[in-house]
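In: next one to model:
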Amino acid sequence: MNIFSSWASSRSTMLRFIALSLSYTISLFIFQKGLLVKRHVLPLKSSCSDIVSEENCWIKPKYNKSILLIIDALRFDFIFPYENCMGKQQLKGDEKYYHGQMPKIARLLREQPGNALLFPFISDAPTTTFQRIKALVTGSVPAFIEAGDNFDGTKISEDNILDQLLTRGKNATLLGDETWLQLLPDRFHRHFEKPSFDIMDLDTVDDAVIANIFDEIDRSDWSLIIAHCLGVDHAGHRYGQAHAEMSRKLLQMDKLVEDLTEKMDEETILFVFGDHGMTSTGDHGGDSLNELSTALFAYTRPKGNESEKPFSAEFDCSGKFWCGVDSVSQVDLVPTLSLLLDLPIPYPNIGQIIKPIFGNDSSNLFQQMKLNAFQMFRYAREYAKHQIDLRDDLSKISRLYESTTNTDDLTQTIKNLSNLIRSSLDQFYFELCLVGIFSLVDSLAFNCFLIFNAKNTTPFFLWIFRSAMLLLQLSLIFAEKPGNDQLIYTTTSLFVSLCYFLLVFLFGSSIKIKFKYFISFLFSNFQFFGQLFLGFLAFSNSFIIYESDVLQFSIQSLILIALIKQLNIHREFSIYRLSFNFKMFIFHIIVVFPSLLILKQFESCREEQVLCYTYIFTTEQLLPWSILASFVSTFFLLEDRWKALKITRFFVWPLLILLYLHWIFESMVMTMKGKPSTSQSVHNTINLFENLSQLLAKSIFSVTLVHFFAIKLFGDENLNKINWLKSIYQMISLPLIMLIGAEYGWRTAFCLFLFPVADFFFQNDIKNWCWLMSLLAAYCFYATGNQRTLNSIPWRAAFVVLPGNFAFKWVPASFILTAMFFGQLLASLMAHMKEEETAPFYLILFLAIKVGNMFFDFFKLK
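Out: Modelled structure (predicted):
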């Protein structure tokens, strides 16, 4: 019987599995729709008529033009003038690549105090470019859950500074990152944009900015230039902060700033800032200090007839950078720039003006702050109509505002108002979240029903009922805002479904439980309760932070249980009388335990983890170990644990050679870029090696696909499903190692052979076997350098095979997801290799309980 006739005999099992998977997926979508509620957007806009002014719109402008130079991922310590504050001293270790790399800005701060200021510029989480651009033009703070928009963002419909500029009949020019055009189409008079998604490309966007910005400054028909450079951010993603390429990009940006300060006129103000920072590994997205901390450099040229400096403070190395204030919020730039150019402050702004930039005129400053407060109170009152819980606190702040007579009190009032609005942004659709949790519980019950009722035919009426219920659940997902009737009907159907499963569970003939055997039932199914216990541990912050330790302990404990069972079988313990099977059992334990310990030592650390150290190695240092580990893993899979098909062996070994060549070329590129050179031949060689590396990666994926067809055309006629799945496991191992990268290649190889090794335990105990597989799947997530934080997303996986400007973004996104959750993919393949039809259902049950802990953790947030 060939593979397809074998599968045809289990179509009923496949149908059950698909229905169950749909049920879990829909539950997840319902829950996320209730949890990821976006901030309510008000369609209102500010205008000149809001303020009575005889000659101006809101206030007399201080400047006619402004240049915004955004250096993506410019962390504050990258620009901090260490030489000004600490004198010339030798930087320690890798600090030489990113500290003190902008000396021309340091010179401006030193030689032109009062015309140049540097502020610590604090962004809000999530530290992704899309959300930061939103904040920089609207002055609002996107909800944290809008981080997903970074990959599929929608146009900005709120009032923003560019719309205000156009309304006033002025023009804006864009240079650099094309994301601005996606968010703000038809706003720019001229634009010179470049694709931004390719983190492997450090220069294309920056070179486009440098090539066009000076010609643009020479024109007279612009009021605002936005230049967004990406090289520093891409250098961080690709190499981390401690690399010569990071130094090169920072020095290039420093030279650009110097050239701009010499080119601009006296009626222009220059702002240089980052949209977010980065971690030591060059990542961002979360809320750690390094990710939130960026810099704002403000500069205006000295005027010959000016008696007073334009800024009311000077840079101070003591840590109090101006007026006794340590830092400013990123959204503070919007009201500041608006009033400097005499534009209405955008309606949703929650930032306050940066006082030192407005000079020493206290009466004028108080007037500007009153305008700032007017705009914020107007927005807060309108927003409170949609957030009833804001009203009492807003009334208290309003009473304080009415009695305010000085700038200090007004500053505190604006700050309190901003904090109040921020606190209301992350709202949940609580009822929909509950329906999502209820749907998950129903899916778990359906899963148990399919396991315990595996030998019986599923009643036809149940399929009809569940189909109707799935349609009801889908209506909740696709409705813009589900109504009460939809929620009631869906909840009622879920309740009926759960009652049915409970009745079948208690009284059905196939799964009847006699209460006198209830204790033995609990012990025989302790795996479910153990997984539930791990799920409920998510209510503890410590578990979330140290989950990998708990998973490692659970895996080792479960294997020890298997050992105890084996010892119980071999009670007469004599090394000469032990069976071969028991000796192999001991050998597999000796392999697994040290492997887990080694992987644990090289995990990436979260910021909250105490006594945790992340070992940082270069690709060149790790490459030999990845080559060795991938060879051993491949040999083990092909020759030892599973005897490979001849056709698979024919494909795998050449594939391994291609992988090694890919890594070697990649490593040579990293080495050559670590030693900057102006030689054109060196740059040509680097480009050649980069192209060869990507060509080899494409070849590896192509050969893997060819194998799937070849095994059908030229494989053994007696090939069954299990052997076919083993062949798939063997073939995809090398593309997986390549996708995750040479730095983590050896860890991936460890995980790849851990699954077949662990398969030896609990061979006749399907429940414990599936529990062990689910734990290993979760552990491999951490073992390959991932954490439950946005800044640990393996972006590099998107660019191993495809260029960064690839049109279909879902393809690189699928590579990223595969690199993160390959453990679940491997566990699924292992489960389908088992002869027991219930194995996939047990595995998905354990994995669903693991995912479900995130659902129940919602109550802690609430």
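
In: my guess is A777 contacts M830. True?
Out: No. At 9.2 Å, A777 and M830 do not qualify as touching, with contact defined as CB atoms under 8 Å. Every C-beta, even on glycine, is put in place using the N, C-alpha and C of the backbone.

In: ok, N525 - how many residues close by?
Out: Applying other CB atoms under 10 Å, we find 12 residues neighbouring N525.

In: check contacts around it.
Out: K767 (CB atoms under 8 Å, 6 or more residues apart in numbering).

In: give me the pLDDT for it.
Out: pLDDT, N525: 71.

In: that one and D94: what is the separation?
Out: For N525, the distance to D94 equals 53 Å [CB to CB, to the nearest Å].

In: same deal with Y615?
Out: 14 Å.

In: low-scoring stretches of the stretch 551-700 of the chain, by residue?
Out: By pLDDT under 70, the weakly predicted segments of the stretch 551-700 of the chain are 570-580, 639-644, 674-679.

In: ok, I700 - contacts?
Out: Neighbour list for I700: L655, L658, L659, H662, L734, P735, M738 [criterion: CB under 8 Å, 6+ apart].

In: got a list of what the nearest residue to it once chain neighbours are set aside touches?
Out: Among residues not flanking I700 along the chain, L658 sits closest, at 5.3 Å (CB to CB, 6 or more residues apart in numbering). With contact set as CB under 8 Å, 6+ apart, L658 has these partners: L696, S699, I700, V703.

In: what does F188 give?
Out: L162, A172, T173, L174, W180, L181 are the contacts of F188 under CB under 8 Å, 6+ apart.

In: which of the residues you listed sits closest to K62?
Out: A172 (18.5 Å; CB to CB).

In: hmm, the closest one is touching H191, no?
Out: No. Using CB under 8 Å, A172 is not in contact with H191, being 9.1 Å away.

In: which one of those two has more residues nearby?
Out: Between A172 and H191, counting by other CB under 10 Å, A172 is the more crowded of the two (22 against 17).

In: list phi and psi for that one.
Out: Torsion angles at A172 (phi, psi; degrees, to the nearest 10) stand at phi -130, psi 150.

In: where does it land on pLDDT?
Out: 94.

In: now S329
Out: 90.

In: who does the closest residue to it other than its chain neighbours bridge with?
Out: Leaving aside its chain neighbours, S329 sits nearest to I122 (5.5 Å; criterion: CB to CB, 6+ apart). Beta-bridge pairing for I122 (DSSP bridges): S293, S329.

In: touching, I122 and L296? I think so.
Out: No. Taking contacts as CB under 8 Å, I122 lies outside contact range of L296: 9.6 Å.

In: residues shared between the contacts of the two?
Out: Joint contacts of I122 and L296 (CB under 8 Å, 6+ apart) are V328.

In: neighbour count: these two, which is higher?
Out: L296 (25 against 19).

In: now that one: how far from P356?
Out: 11 Å.

In: which SSE is immediately downstream of the helix or strand bottoming out on mean pLDDT in the chain?
Out: In the chain, no helix or strand scores lower on mean pLDDT, DSSP states H and E than helix 3-8, which sits at a mean of 46. Moving toward the C-terminus from helix 3-8, the next helix or strand (DSSP states H and E) is helix 11-35.

In: who does that next one touch, helix- and strand-wise?
Out: Helices and strands touching helix 11-35, by 3 or more CB pairs under 8 Å, 6 or more residues apart in numbering; DSSP states H and E, are helix 430-452, helix 460-478, helix 839-856.

In: what's the closest of these to S557?
Out: Closest to S557 of the helices and strands packed on helix 11-35, according to CB to CB: helix 839-856, at 15.3 Å.
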